[in-house]
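generate coordinates for the sequence data below:
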Amino acid sequence: MGRFSLLSKAQQPPHEDRPASKAIEDGEGQDPVEAPNFLTGLDETEDSADEADTPPAFDLLDAKLRVHNKLIDELDLSMLDKLDETEMKRQVRRLVTEIVREERIPMNQAEVAQFADSVYDEMTGLGPLEPLLADPSISDILINGAKQVYVERHGELELSEAKFRDNAHLRRIVSRIVSAVGRRVDESQPLVDARLLDGSRVNAAIEPVAIDGPLVSIRKFSKKPLTLDKLISFRAMPKEVGEFLHGAVKSRVTCIISGGTGSGKTTLLNALSAAISHKERLITIEDAAELQLQQPHVARMETRPPNLEGKGEIRQRELVKNALRMRPDRVILGEVRSEEAFDMLQAMNTGHEGSMATIHANNPREAISRLEQMVAMGGLRISQEAVRGQIASAIGIIIQAQRLSDGSRRVTHVTEVTGMEGEVIQMQDIFKFERLRTEEDGTVVGEFRASGLRPRCLDEMQRRGIRLPVEYFDPSKPLLKVP
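The predicted structure is shown next:
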């Protein structure tokens, strides 16, 4: 039945009947029907006859509203709830064809079929968003008010043909999205994070903070998460880097994935998690559930915003503390943002090696600095030196992901945390992406190289039977040139 159940009559906008013009085929091979005069409510004088020769432009959104309203009046909702999706679409198409013919809306058979699909999406799904969500080439949908919908394809933004009837229509779609996951959006709470049933992440802002109409950002996730091999084939990293990271995760080396917005942190976390044994118990903690771990023993938890009275909020810190009482082998934090950083470090240092998290930062050193700041946000009376000691002992590898100016996504650093020297956390790059130049068409040219330093975690990997060729760490030649 699409993403949501059918709307009740009480939820529908007011019925509005307006005649249309020209001729129509009913989609069943019947003869076209001539349209009546457009000028309703006026005497058919000579002046009105002249105007009738030039009917007003056909408004598809207005026609969809009229057909939608009439369809609701004629549908037996209790009967439709018992049908599967294919039969329901057939019934909706049949009724839409009849209504379009009766309303004399100018469409041919193919247009009626397409129109029926869009009306079906409006009733049971997310209206104009449905074709975009179904398009596998689209990774992001960015909505700036009712008439401006951008999509990202292959790293490039483009304006789509999708439009909403008005801002009220867009706001109803936003409300439908967030209510499905038990959240709300209104003037008292105009900012909201949510997710679709397929795991796609949604952020929305409405009036009064969104001045020109609702702003919506949808980060799509494929039903089948990308594997490490796929990322290697996309040249996000060389196979040598991929094999090293796979071995590190399998050997329970604690990893932090750092990067900016849209750099592919969650995609990389999903791909790396495939190296975790199916015998382990994993607990994931997220603001909006989007991880797609493939292991059989995964317990997922999600934060909860406060209610209308400002009560009932459940933060990530509380979930991290609770997760430690649930006998996890690893804790996976979708994104560390605030005071929960200290509890995450405690978990990593107390028998939960191999835990993973993502963080917003521009490079590995900045990721360490941000972790320090987040621990301080918890208000704990602990010295900076002690915090740094916790970080140095908890984290094994920082993986930096970046979205380059040409839209490509690369793993730009694989950096090992080697310990403390004085009051400074020591780090060393194992692999690095070096940007060489930018072509006239904007393509970024670069190469992946090893630093030549031997990772300390290789000893643990070898104890677990994972051996990598020494050539993987040879700095004398690039591992991969891109594009």
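
in its sheet, what does the longest strand seen in the chain sit against?
In the chain, taking DSSP state E as the definition, the longest strand is strand 424-438. If you go by DSSP bridges, strand 424-438 pairs up with strand 409-421 (antiparallel), strand 444-450 (antiparallel).

looking at the ones you listed, which is buried most?
strand 409-421 (a mean of 21; mean count of other C-beta atoms under 10 Å). Bear in mind the C-beta positions are built from the backbone N, C-alpha and C, glycine included.

CA-only coordinates of that one, as CSV, when you get a sec.
Extracted in CSV, the C-alpha atoms of strand 409-421 (Å, rounded to 0.1, in the frame of the first residue of the first chain):
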residue,chain,number,x,y,z
ARG,A,409,33.9,10.8,-2.3
ARG,A,410,37.3,9.5,-1.2
VAL,A,411,38.9,8.1,1.9
THR,A,412,41.6,10.8,2.3
HIS,A,413,43.3,9.6,5.5
VAL,A,414,43.8,6.3,7.4
THR,A,415,45.5,7.5,10.6
GLU,A,416,46.6,5.4,13.6
VAL,A,417,46.5,6.8,17.1
THR,A,418,49.7,5.6,18.7
GLY,A,419,49.5,6.9,22.3
MET,A,420,50.6,9.9,24.3
GLU,A,421,53.8,11.7,24.4
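
the strand or helix carrying Val112 packs against which elements?
Per DSSP states H and E: Val112 is located in helix 109-124. Secondary-structure packing of helix 109-124 (3 or more C-beta pairs under 8 Å, 6 or more residues apart in numbering; DSSP states H and E): helix 60-74, helix 85-103, helix 130-134.

mind redoing it with 7 Å?
Judged by 3 or more C-beta pairs under 7 Å, 6 or more residues apart in numbering; DSSP states H and E, helix 109-124 is in contact with helix 60-74, helix 85-103.

and the ones you listed: which comes nearest Ala271?
Nearest of the helices and strands packed on helix 109-124 to Ala271, taken as C-beta to C-beta: helix 85-103 at 31.3 Å.

and the strands in the stretch 151-300 of the chain?
Listed in chain order, the strands of the stretch 151-300 of the chain (DSSP state E, counting those that start in this stretch) span 156-159, 191-195, 201-205, 215-219, 255-259, 282-286, 298-302.

chain center to the second one: distance?
In terms of C-alpha atoms, centre = their mean, to the nearest Å, the centre of strand 191-195 is found 11 Å from the chain centre.

ok, Glu313 to Pro306 distance?
Going from Glu313 to Pro306 by C-beta to C-beta, to the nearest Å gives 4 Å.

and for Leu282, the neighbour number?
24 (other C-beta atoms under 10 Å).

which pLDDT value goes with it?
In this model, Leu282 is scored at 97, pLDDT.

count of residues packed around the closest residue to it other than its chain neighbours?
Closest residue to Leu282 in three dimensions, ignoring its sequence neighbours and counting by C-beta to C-beta, 6 or more residues apart in numbering: Val298, at 4.9 Å. Residues within reach of Val298, counting by other C-beta under 10 Å, total 17.

hang on, the earlier thing: right, so the strands of the stretch 151-300 of the chain: which one is the most enclosed?
Ranked by mean neighbour count under mean count of other C-beta under 10 Å, the strands of the stretch 151-300 of the chain are led by strand 255-259, which reaches a mean of 26.

quick one: average pLDDT of that strand?
97.

next one: stretch 232-243
96.

dump that stretch to PDB, keeping only the CA atoms.
Extracted as PDB, the C-alpha positions of stretch 232-243 are listed here (Å, rounded to 0.1, in the frame of the first residue of the first chain):
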ATOM      1  CA  ILE A 232      36.800   0.100  -4.000                       C
ATOM      2  CA  SER A 233      35.200  -0.300  -7.500                       C
ATOM      3  CA  PHE A 234      34.000   3.300  -7.200                       C
ATOM      4  CA  ARG A 235      37.600   4.300  -6.500                       C
ATOM      5  CA  ALA A 236      36.700   5.700  -3.100                       C
ATOM      6  CA  MET A 237      39.900   3.900  -1.900                       C
ATOM      7  CA  PRO A 238      42.400   1.400  -3.200                       C
ATOM      8  CA  LYS A 239      42.000  -2.300  -2.600                       C
ATOM      9  CA  GLU A 240      45.000  -2.200  -0.300                       C
ATOM     10  CA  VAL A 241      43.300   0.300   2.000                       C
ATOM     11  CA  GLY A 242      40.100  -1.700   1.900                       C
ATOM     12  CA  GLU A 243      41.800  -4.900   2.900                       C
END
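
which parts of that stretch are buried?
Ile232, Ala236, Met237, Pro238, Glu240, Val241, Gly242, Glu243 (16 or more other C-beta atoms under 10 Å).

swap in stretch 338-346?
So stretch 338-346, judged by 16+ other C-beta under 10 Å, has buried residues Glu339, Glu340, Ala341, Phe342, Asp343, Met344, Leu345.

so how far is that stretch off the chain centroid?
With C-alpha atoms, centre = their mean, you get 25 Å for stretch 338-346.

do stretch 295-309 as well
How far stretch 295-309 lies from its chain's middle: 17 Å, per C-alpha atoms, centre = their mean.

residue ranges in this structure under the pLDDT threshold?
1-61, 64-65, 68-69, 71-83, 121-124, 308 (pLDDT under 70).

distance of Glu187 from Pro214?
Taking C-beta to C-beta, one finds Glu187 at 12 Å from Pro214.

and these two? Which one has more around it.
Pro214 (25 against 9).

list the contacts for that one?
Ile143, Gly145, Asn167, Leu170, Arg171, Val174, Ala204, Ala205, Ile206 (C-beta atoms under 7 Å, 6 or more residues apart in numbering).

same check, this time on Ala347
By C-beta under 7 Å, 6+ apart, the residues touching Ala347 are Val320, Leu324, Val331, Ser355.

isn't Val149 up against Leu133?
No: applying C-beta atoms under 7 Å as the test, Val149 and Leu133 come out as separate, 11.8 Å apart.

so between the two, which is more surrounded?
Val149 (21 against 18).

quickly list the domain ranges of the chain.
Following the TED database, the chain resolves into domains at 61-124, 126-221, 228-482.
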